[in-house]
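Undergrad: Could you look at this predicted model? Sequence included:
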Amino acid sequence: MVLFSALAGCKELQYSTSELQQTNKIKLDIYDSFWFTRTTKLTHGMFGDVNLVIKGKTNAERITVRTYGDGKIGDLEVKLDTNGVFNDTIQICFTHFSTIPDLPISVNPKETMLKAYLGSNWISKTFSSGPLQYNE
């Protein structure tokens, strides 16, 4: 009788550990992502920024996207609804031009990292833009 109780206790412990691991597994589904540029003309110059639109669903508690502009690196939080669905536009970086250029300006391909957090666990995914350009 004592042997039977010990075996049942071990079985219950294994089940609980397995369940714990399953609930902490991060699910991140990206439905769509695309990059675009935008320009803003000023009196004496122009700003150009590079943006990432990202859409998907997750069970994570929060998601961040790496940004860098004017030399400062940071992480901007992606807006999640109560069901873990996200559809957000993030400004990744920007450039200031002292004069308004006459021709479109090529932009080096950009790269950013998305991180999803659930408890003390996290996963990351890198997104690359490919060729871009600023148009007047």
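TA: Great, that's in hand.
Undergrad: what ranges do the helices span in the protein?
TA: Here the chain has its helices, by DSSP state H, at 2-23.
Undergrad: Worst mean pLDDT across the helices and strands of it, which element?
TA: Least confident element among the helices and strands of the chain, by mean pLDDT, DSSP states H and E: helix 2-23 (a mean of 38).
Undergrad: Now do the strands in the protein.
TA: In the chain, the segments counted as strands under DSSP state E are 28-42, 45-58, 62-69, 72-77, 85-97, 105-107, 111-118, 121-128, 132-134.
Undergrad: will you turn these into JSON lines that also has mean neighbour count?
TA: (Each C-beta comes from the backbone N, C-alpha and C, glycine too.) Shown next, in JSON lines, are those (neighbours: other C-beta atoms under 10 Å):
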{"stretch": "strand 28-42", "mean neighbour count": "14"}
{"stretch": "strand 45-58", "mean neighbour count": "18"}
{"stretch": "strand 62-69", "mean neighbour count": "18"}
{"stretch": "strand 72-77", "mean neighbour count": "11"}
{"stretch": "strand 85-97", "mean neighbour count": "16"}
{"stretch": "strand 105-107", "mean neighbour count": "15"}
{"stretch": "strand 111-118", "mean neighbour count": "18"}
{"stretch": "strand 121-128", "mean neighbour count": "13"}
{"stretch": "strand 132-134", "mean neighbour count": "16"}
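Undergrad: Any stretches of the protein with poor pLDDT?
TA: 1-23, 70, 136 (pLDDT under 70).
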